[in-house]
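[1] Would you be able to build a 3D model of this:
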Amino acid sequence: MFFIYKSIFFCYPFPTVATLLTIEKLNKSYHQQVIFRDANLAIHSKQKIGVIGRNGAGKSTLLRMIVGQEQADSGVITLQPITRLEYLEQHEKIADDETVLQFLERQSGKKNWQCAKMAGKFEIKNELLDSKLSTLSGGYQMRARLTAMLLKDPNLFLLDEPTNYLDVHTQLLLEKFLRDYSESFVIISHDREFLKRTCEQTLEIEQGNLTLFPRPIDEYLEYKEERLAFAKLYNKKIEREQRHLQNFVDKFRYKASKASQAQSKLKAIEKLKKLDIQSPLSTVKIHIPNVETKKGLLFRSEKLTIGYGEKIIAENITLDIERGEHVAILGDNGQGKTTFLKTLAGELSSLGGKFKWAIDTTFAYYAQHVPNSLNSEDKVWTNLRATAPSEINDEEILRMAGNFLFHENDLEKYIHMLSGGEKARLCLVSILLSKSKVLLLDEPTNHLDFETVEALGLALEEFNGTVLFISHNRTFVNSVATMIIEVKNGEVCRYPGNYEEYIYNLEQSIEPEKKEEVAPVEKTDEEKKQRYEEIKAEKKKLQKIEEDICEMEKVKTKLLRKQAKDPTKFQLADYRHLGDLDKEIKNKEDEWLALQEKIEN
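    Residues are numbered from 1 along each chain as shown. Down below sits the predicted model:
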């Protein structure tokens, strides 16, 4: 492998990948539902893996089994002694009186300057470090938890939906960190754009199997389509040959002169094997019933003030929204996006100014608290039929319910038996069937799987009504939004560009500041001679480091060959030796880079 640094070039063998985790013949079921069936997986160093799969496929279950929070029915999950594993859970208890810095020190055991340095990568600096963590927005709390996890220096970490409830600014910070990260990670996400920008390999969990593809998500999905199309064509060809041979057998099997040939054809039919195609999961395609619409102005606000009680969140909001617009409400967490949407929905009273909807406007409002208003004693089907307009027939309701994973048996469940995610999906089904002219949606994708998120995005894109929505899923926003309203620093206003321009400007704002170039000072001959001698000495040190690395690599290669030849003879001492070599090589590489930087300067 080649190592390039600025204009200097040399070659030496980088460390061969080491195995961090293996899964063999994993089986897991919940009641009658099979989650994993003889599943196998190996994760090595330097792997950046994105995990996809339908809701209920077992993505979170897999991570919880790896960290020991759940037990497999059978099979073996093995973490190697060199593995430093960390797992970011969705929820973690935060002490009320604990500052960000105290939280980081407690979680990581590192010194305050080390904590502050890592926190700076997620733009937690200065007064934020001394702020009470419990008072910060969900986005900043997630930044702090990511910082605490990474301070423990894992070489394999697991993230389960890290972008849920994260604003786009924080997502971009996380993306930047993950792209630069040199160790392994496994991320579950339903945002294709996030996976595409951070992960180099794709793990799909489907029908009890674990399929690891060594390329990013877009290439995997394309490969999967091509593989399925080829298998179907091949099987059609085999079926034609089988029919041709069977016709010969049927025609001549009872004629003595052709009996032997007929038997030969029967054997040929048995040898013709079709490629095994697992029953494919049904493709999600959501259709939202169109509504009667007119052209013209739908909404106008003049000097509107929003907030809670006496607390003003934003003021002087003056906006116009046309009928048929699909409006993304964007901004960092804690800036007031939900407050704004709640005010428009009538859930909160405005604190000043005024706003007005067109007279014929009908609304459907979805937010995280809405599922709690469901009648727990209703059955799923009873609720869906009662809330759908009379002109929506049963077939349309069943189709929409199926797209949100409510199948025949689920329709007879009582609502109190449903999980929080199932209740959220049930509310979405009712809202999409309501034939409301305006849909107000606050984070509608949080409980949906990868394919349903994209299907919902396409359906809303085609919907002829008006949509105002809050979402941090970039694939979804990019698909749906025709207009952007930005909530920032006490202001709510129309963003002048499109979504791609909005993201570009955010990325530019988090790029590190460039250092000012200083004009070089002309040196004397004596200074030049002294500098030459210094560089010569540093290059000797550089050469010695390269020789040391090569020697350590030779030892490591022998150990890895021993491991590959017979893993049963690879003892704990060997694993420790391997881990020590990894650390020594990394230290030497860091030393080499520092020296090279010094020489270049």
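
[2] Residue 401: what secondary structure?
    What DSSP: H, G, I helix; E, B strand; the rest coil gives for residue 401 is helix.

[3] shouldn't it be in contact with residue 384?
    Yes - Residue 401 is within contact range of residue 384, at 6.1 Å (criterion: CB atoms under 8 Å). Where C-beta positions appear, they are placed from N, C-alpha and C, glycine not excepted.

[4] residues shared between the contacts of these two?
    Common contacts of residue 401 and residue 384 (CB atoms under 8 Å, 6 or more residues apart in numbering): 411, 429.

[5] separation between the most centrally placed residue in the chain and residue 52?
    Nearest residue to the geometric centre of the chain (CA atoms, centre = their mean): residue 189, 2.2 Å. Relative to residue 52, residue 189 is positioned 8 Å away (CB to CB, to the nearest Å).

[6] Need the overlap of contacts for those two.
    Here residue 189 and residue 52 have 195, 450 as joint contacts, going by CB under 8 Å, 6+ apart.

[7] one step back: do you know how far the residue nearest to the centre of the chain is from residue 286?
    Distance, residue 189 to residue 286, using CB to CB: 20 Å.

[8] can you tell me the helix or strand for the closest residue to residue 287 other than its chain neighbours?
    Using CB to CB, 6 or more residues apart in numbering and skipping the chain neighbours, the partner closest in space to residue 287 is residue 459 (6.4 Å). Using DSSP states H and E, residue 459 sits in helix 450-462.

[9] Please compute how far the biggest helix by length in the chain lies from its chain's middle.
    In the chain, with assignment by DSSP state H, the single longest helix is helix 525-565. Offset of helix 525-565 from its chain centre (CA atoms, centre = their mean, to the nearest Å): 40 Å.

[10] Show me what it is packed up against.
    Packing partners of helix 525-565 (3 or more CB pairs under 8 Å, 6 or more residues apart in numbering; DSSP states H and E): helix 572-600.

[11] what angle do the helix it packs on and helix 525-565 make?
    The directions of helix 572-600 and helix 525-565 differ by 160 degrees, with axes from the mean of the first three to the mean of the last three CA atoms, to 10 degrees as the criterion.

[12] list the helices and strands helix 572-600 packs on?
    In terms of contacts (3+ CB pairs under 8 Å, 6+ apart), helix 572-600 is packed against helix 525-565.

[13] Now do the same for the helix it packs on: mean pLDDT, whole number.
    Averaged across helix 525-565, the pLDDT comes to 78.

[14] Please shift the residue numbers so they start at 481 in all later answers.
    Okay, using 481 as the starting number, the last item reads as helix 1005-1045.

[15] show me where the stretch 831-980 of the chain has helices.
    Counting by DSSP state H, counting those that start in this stretch, the segments of the stretch 831-980 of the chain that form helices are 860-867, 874-883, 900-913, 930-942, 954-960, 979-990.

[16] Any chance of those in CSV with mean neighbour count as columns?
    As requested, these are exported to CSV (neighbours: other CB atoms under 10 Å):
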stretch, mean neighbour count
helix 860-867, 18
helix 874-883, 17
helix 900-913, 21
helix 930-942, 20
helix 954-960, 22
helix 979-990, 14
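
[17] need those in a markdown table with mean pLDDT and distance to residue 652, can you?
    What follows is these, written out as a markdown table (pLDDT from 0 to 100; distance: least, CB to CB, whole Å):
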| stretch | mean pLDDT | distance to residue 652 |
| --- | --- | --- |
| helix 860-867 | 90 | 38 |
| helix 874-883 | 89 | 31 |
| helix 900-913 | 86 | 26 |
| helix 930-942 | 87 | 19 |
| helix 954-960 | 91 | 10 |
| helix 979-990 | 86 | 6 |
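
[18] Of all the ones you listed, which one is nearest residue 1053?
    Relative to residue 1053, the nearest member of the helices of the stretch 831-980 of the chain by CB to CB is helix 930-942, separated by 43.6 Å.

[19] could you say what helices and strands the closest one packs with?
    Secondary-structure packing of helix 930-942 (3+ CB pairs under 8 Å, 6+ apart): helix 954-960.

[20] how far does the helix it packs on sit from the chain's center?
    For helix 954-960 - counting by CA atoms, centre = their mean - the centre lies 14 Å from the chain centre.

[21] low-confidence ranges in the stretch 681-830 of the chain?
    708, 711, 732-739, 742, 745, 749, 752-764 (pLDDT under 70).

[22] Okay, strands next: where are they in it?
    681-686, 689-693, 777-788, 791-802, 806-810 (DSSP state E, counting those that start in this stretch).

[23] deepest of those strands, which one?
    Compared across those, strand 806-810 shows the largest average neighbour count, a mean of 23 (mean count of other CB atoms under 10 Å).

[24] CA-only coordinates of that strand in PDB, if you can.
    In PDB, the C-alpha atoms belonging to strand 806-810 read as follows (Å, rounded to 0.1, in the frame of the first residue of the first chain):
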ATOM      1  CA  HIS A 806     -44.200  21.900  -0.100                       C
ATOM      2  CA  VAL A 807     -42.400  23.900   2.600                       C
ATOM      3  CA  ALA A 808     -39.500  22.500   4.600                       C
ATOM      4  CA  ILE A 809     -39.100  24.300   8.000                       C
ATOM      5  CA  LEU A 810     -35.300  24.100   8.700                       C
END
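
[25] if we can go back for a sec, spatially nearest residue to the residue nearest to the centre of the chain (excluding sequence neighbours)?
    residue 675 (5.4 Å).

[26] so what pLDDT did that neighbour get?
    Among the per-residue scores, residue 675 holds a pLDDT of 91.

[27] What count of nearby residues applies to it?
    Number of residues near residue 675 (other CB atoms under 10 Å) recorded here: 25.

[28] Counting by contacts, list what the helix or strand encompassing it packs against.
    Following DSSP H and E, one finds residue 675 within helix 672-678. The contact analysis (3+ CB pairs under 8 Å, 6+ apart) places helix 672-678 against strand 528-532, helix 648-660, helix 697-732, helix 954-960.

[29] Any chance of those in a markdown table with distance to residue 635 as columns?
    Listed next are those as a markdown table, based on distance: least, CB to CB, whole Å:
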| stretch | distance to residue 635 |
| --- | --- |
| strand 528-532 | 12 |
| helix 648-660 | 14 |
| helix 697-732 | 23 |
| helix 954-960 | 29 |
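
[30] Go through those and pick out the most buried.
    Neighbour counts (mean count of other CB under 10 Å) averaged over each of the helices and strands packed on helix 672-678 peak at strand 528-532, with a mean of 23.

[31] now the angle between strand 689-693 and that strand, please.
    140 degrees.

[32] Just the CA trace of strand 528-532, in CSV.
    Extracted C-alpha coordinates of strand 528-532, given in CSV (Å, rounded to 0.1, in the frame of the first residue of the first chain):
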residue,chain,number,x,y,z
LYS,A,528,-17.2,1.9,7.7
ILE,A,529,-20.5,0.0,7.5
GLY,A,530,-24.0,1.4,7.0
VAL,A,531,-26.9,-0.9,8.0
ILE,A,532,-30.2,-0.9,6.2
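
[33] Tell me, how many residues neighbour the residue nearest to residue 949 when sequence neighbours are not counted?
    Sequence neighbours aside, residue 921 is the residue nearest to residue 949 in space, at 4.0 Å (criterion: CB to CB, 6+ apart). Using other CB under 10 Å, residue 921 has 23 other residues around it.
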